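Asks: Dropping a prediction and its sequence here:
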Amino acid sequence: MKWMIFSPEIYYLLVSLWFLALSMLRRINSRRDYVSALLLAAGGVLVCLLAVRSEGLLFSNAYQIDLFSQVFKVLLALGLFLIVCLCPNVSAIREKDHPDFYLLLFVCTLAMLMLVSSVHLLAMYVSLELSSYALYILVALRRDKDLGIEAGIKYFLIGITASAVMLFGLALLYATTQVAHVNDMVRVIPAVIDKPVVILGLLLTLSGFFFKLAVFPFHFWAPDVYQGATNQVTAYIATASKVAAIALLVRMVAAAGSGAAGNYLAHALVTLAIVSMTVGNLVAIVQQDIKRLLAYSTVAHAGYLLIGILSMNPFGYSSVLFYAAALLIMKFSAFLVVVKVADDGRNIQIEELAGLHQRSPLLAMALMVSIFSLAGIPPTIGFSAKLFIFLAAMEQGYFTLVLIAMINVLVSLYYYLLVLKAAYLLKPNAPLTELRLSPPLKLLTAVLILAMIGLGIYPAYLLELAEAAVRSLV
């Protein structure tokens, strides 16, 4: 019966095998593939919800299942389901590749489910690599091979470099501490933290997660990959993959972030947070491609996340978990608009959003609320997420850092408002057709709008859930 706590991972493994079988069939049926993926992704959300209270250790204590990991698994399952909702017409990927597309999505999600529960250095590395290689292939699947393969190769080369750096850091930690379990490291690291090799090992190990989060200077892949991948794959990278990286980064910092180790990490995280916020927001100002703009926005949000993590207290970690859920909703809402406006799978410029409020008032509303939320304007969930993170940092005395973050928030307002200006104020150069949404998609869009506003006005329940999850961690 102990294997029942492993049920989400088993479910996603079986689903992956199903799509592996579909990919071997000669008969192509994209409608069958989409309906299967949608139903199975919805089933995955249900399985993760049923397992949310599971607790235990598996595989010689290398795999820890607790409320912290299970909450993140629900977010990952929800993220996958939302992405599949955008895939009734994946025109940017050849029809014969659709089973492979869904196979890789489910395999990547499976790897990230394993990642958030891994408490052994080797298990972390293997899970991270499995998710990364699935993403490399997903990026390269685009019908436009010039864009897709170029982005996939760039992502692969930068990814394996970050992986090698991370593996070297893991080797340094193991060689110094002689333990590979994160829980054991908590007891061993304080005694050896004065050794420079331990600090170097920690920073190199965390660099692998910084790469996934697109933290400066590990962000160079993000704009090219966001632009080169299909819109649905870009949405998946911007949402679900970030959630997994946040989970493991919080777990690692919570394990090491006490005493002298925490002081060393705090100095590094402060620098990375400031530079990520500043570079991300300043470079986003000059972007014309909407996906490149959202890529640099991701870099800036990675900086905000680091502020919560470097607080190194339960409120800071719960604020980061709240922020992860907020990012999932906000980014997906923005990409939903991108996918529907560019229903032929092309990349769009900001000016191509002109007249959106006339073509589809509901999509324009979703874009406006998501943009306001990303910018941190009340009463949206983005405002509450930033507020909690800033309060956690203020409690630890990081007043200057919070001030710099607030200045960056003001800078970000400029390019976010440019997007809204295009959607509501610019006139299209030629008459545009109405954007028709199916009833389920209308319902999903309305739910996202209500969620971004409702959780901004009343964030207590989600924050309490985040605090309960963090208590199981610390």
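Replies: Great, that's in hand.

Asks: Gly159 - nearest residue in space that isn't next to it in sequence?
Replies: Using Cβ to Cβ, 6 or more residues apart in numbering and skipping the chain neighbours, the partner closest in space to Gly159 is Ser132 (5.3 Å). Heads up, the C-betas are built off the backbone N, CA and C, glycines and all.

Asks: I figured that neighbour hits Ser163, correct?
Replies: Yes - the criterion here is Cβ atoms under 8 Å, and Ser132 meets it with Ser163 at 7.0 Å.

Asks: Ramachandran coordinates for the residue nearest to Gly159?
Replies: Here is the backbone geometry of Ser132 (degrees, to the nearest 10): phi -70, psi -40.

Asks: cool, Glu55 as well?
Replies: Given degrees, to the nearest 10, the pair of backbone angles that Glu55 has is phi -140, psi 150.

Asks: Then Asp66?
Replies: Given degrees, to the nearest 10, the pair of backbone angles that Asp66 has is phi -140, psi -180.

Asks: Wait, it touches Ser472, no?
Replies: Yes - look at Asp66 against Ser472 with Cβ under 8 Å: they come within range, at 4.2 Å.

Asks: For those two, list the residues in contact with both.
Replies: By Cβ atoms under 8 Å, 6 or more residues apart in numbering, Asp66 and Ser472 have these common neighbours: Glu55.

Asks: Quick check: the gap between Asp97 and Leu46.
Replies: According to Cβ to Cβ, to the nearest Å, Asp97 stands 28 Å off from Leu46.

Asks: For these two, indicate the residue with more neighbours.
Replies: Taking other Cβ atoms under 10 Å, Asp97 and Leu46 do not tie; Asp97 has more neighbours (18 against 12).

Asks: thinking the more buried one is in contact with Leu141, fair?
Replies: Yes - the criterion here is Cβ under 8 Å, and Asp97 meets it with Leu141 at 5.6 Å.

Asks: returning to that earlier point: which one of Asp66 and Ser472 has more residues nearby?
Replies: Just comparing Asp66 and Ser472: by other Cβ under 10 Å the higher neighbour count belongs to Asp66, 19 against 15.

Asks: ok, now which ones touch the more buried one?
Replies: Per Cβ under 8 Å, 6+ apart, neighbours of Asp66: 55, 472-473.

Asks: What is the neighbour count of Lys386?
Replies: Neighbour count for Lys386, taken as other Cβ under 10 Å: 27.

Asks: ok so, going back, next one: the residue nearest to Gly159, what pLDDT does it get?
Replies: pLDDT, Ser132: 88.

Asks: list the buried ones in the helix or strand of the chain with the lowest mean pLDDT?
Replies: Lowest by mean pLDDT, DSSP states H and E among the helices and strands of the chain is helix 182-192, with a mean of 75. Along helix 182-192, these residues count as buried under the neighbour rule (16 or more other Cβ atoms under 10 Å): 182, 184-186, 188-189.

Asks: Likewise for stretch 273-282?
Replies: Those buried within stretch 273-282 under the rule 16+ other Cβ under 10 Å are 273-281.

Asks: Now do whichever strand or helix holds Ser412: distance to the chain's middle.
Replies: For Ser412, the element it lies in under DSSP states H and E is helix 399-424. Distance, stretch centre to chain centre, for helix 399-424: 20 Å (Cα atoms, centre = their mean, to the nearest Å).

Asks: Mind exporting the C-alpha coordinates of the helix or strand following it to PDB?
Replies: Counting by DSSP H and E, the next helix or strand C-terminal to helix 399-424 is helix 439-457. Extracted in PDB, the C-alpha atoms of helix 439-457 (Å, rounded to 0.1, in the frame of the first residue of the first chain):
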ATOM      1  CA  PRO A 439     -17.800  27.800 -25.200                       C
ATOM      2  CA  PRO A 440     -15.300  25.700 -23.100                       C
ATOM      3  CA  LEU A 441     -12.600  28.200 -23.900                       C
ATOM      4  CA  LYS A 442     -14.900  31.100 -23.000                       C
ATOM      5  CA  LEU A 443     -15.600  29.500 -19.700                       C
ATOM      6  CA  LEU A 444     -11.800  28.900 -19.000                       C
ATOM      7  CA  THR A 445     -11.000  32.500 -19.900                       C
ATOM      8  CA  ALA A 446     -13.700  33.800 -17.500                       C
ATOM      9  CA  VAL A 447     -12.500  31.500 -14.700                       C
ATOM     10  CA  LEU A 448      -8.900  32.700 -15.200                       C
ATOM     11  CA  ILE A 449     -10.000  36.400 -15.000                       C
ATOM     12  CA  LEU A 450     -12.000  35.700 -11.900                       C
ATOM     13  CA  ALA A 451      -9.200  33.700 -10.300                       C
ATOM     14  CA  MET A 452      -6.600  36.600 -10.900                       C
ATOM     15  CA  ILE A 453      -9.000  39.100  -9.400                       C
ATOM     16  CA  GLY A 454     -10.500  36.900  -6.700                       C
ATOM     17  CA  LEU A 455      -7.200  35.600  -5.300                       C
ATOM     18  CA  GLY A 456      -5.900  39.200  -5.400                       C
ATOM     19  CA  ILE A 457      -8.800  40.400  -3.200                       C
END
